[in-house]
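**Student:** Dropping a prediction and its sequence here:
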Amino acid sequence: MTFHVKHQDAMPDDLRRRLDAFAAILTRWNARINLVSPRDLPHLWDRHIADSLQLADLVPPGARLADLGSGGGFPGLIIAIATGTDVTLIESDQRKAAFLREAARATGTSVTVLASRIEDADIPQVQVVTARALAALPQLLDWASRFLAPDGFCLFLKGRNVTDELTAAAAGWHMTISRLPSRTNADGTILKLGNIRRARHSERAQG
Ligand SMILES: C[S@@+](CC[C@H](N)C(=O)[O-])C[C@H]1O[C@@H](n2cnc3c(N)ncnc32)[C@H](O)[C@@H]1O
């Protein structure tokens, strides 16, 4: 089988081999479970792998990271493959969690896979929380704030609704916001959010 995977020029051979192994196993499993849209398979590199890889440079060395709703491994498993970061992948779908374990094994990557709902997950604090294509920003912040260390930050890959989502989130949260343009998606933004605190009135509303 041929994978339509376009490689970045300066990618080390070992990383390229491991990402090829990831693409191969995802393509095999995708015949049985919906990890990515079948229409996306020919564009696996651009739409999913490279989109995830652009976060790798933003993760500080030695950080612990939790990826929420990892699905087929985007972005958390790709970051772990590229950086060796200590990553916990939280995914409630048991079959997708099985895929994540198998893909980690096949690519020689050490990760923790938690086959659990985010709401039920109990993990040590992390410095970075990532998520992509999971939920609107207020919900993501609610989930991420349970896991984040005080000096931690979130990296969320967002689409064209990012401004509306930031407006909605501002009603319940204080945070520092960096909006970085996606290198892989013309409509995409990488949101880097730090100093995340619930707004006081929102604490009262929560009881
Ligand atoms: C649309 S997919 C996105 C997957 C991946 N992040 C990506 O970008 O391709 C959302 C994933 O989040 C998982 N998910 C949704 N709600 C969840 C929850 N409350 N706890 C854990 N996983 C959840 C779903 O099973 C699904 O695999």
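**Tutor:** The structure has been received and is ready for your questions. Residues are numbered from 1 along each chain as shown.
**Student:** Helix or strand with the lowest mean pLDDT in the protein?
**Tutor:** Ranking every helix and strand in the chain by mean pLDDT, DSSP states H and E puts helix 200-206 at the bottom, with a mean of 63.
**Student:** For Ala149, give me phi and psi.
**Tutor:** phi -70, psi 160 (degrees, to the nearest 10).
**Student:** The closest residue to it other than its chain neighbours: neighbouring residues, count only.
**Tutor:** Of all residues not flanking Ala149 in the chain, Gln125 sits nearest, at 4.3 Å (C-beta to C-beta, 6 or more residues apart in numbering). Where C-beta positions appear, they are placed from N, C-alpha and C, glycine not excepted. When counting by other C-beta atoms under 10 Å, one arrives at 13 neighbours for Gln125.
**Student:** ditto for Leu55
**Tutor:** Summarising burial for Leu55: neighbours were counted as other C-beta under 10 Å, giving 26.
**Student:** ok, it to Arg183 distance?
**Tutor:** Counting by C-beta to C-beta, to the nearest Å, the separation of Leu55 from Arg183 is 11 Å.
**Student:** Repeat that for Leu77.
**Tutor:** For Leu77, the distance to Arg183 (C-beta to C-beta) stands at 19 Å.
**Student:** Who has more neighbours out of these two?
**Tutor:** For Leu77 against Arg183, the residue with the higher neighbour count under other C-beta under 10 Å is Leu77, and the figures read 26 against 11.
**Student:** what secondary structure does that one sit in?
**Tutor:** Reduced to three states with DSSP: H, G, I helix; E, B strand; the rest coil, the structure at Leu77 is helix.
**Student:** tell me the contacts of it?
**Tutor:** With contact set as C-beta atoms under 8 Å, 6 or more residues apart in numbering, Leu77 has these partners: 22, 67, 70, 87, 89, 100, 103-104, 109, 111.
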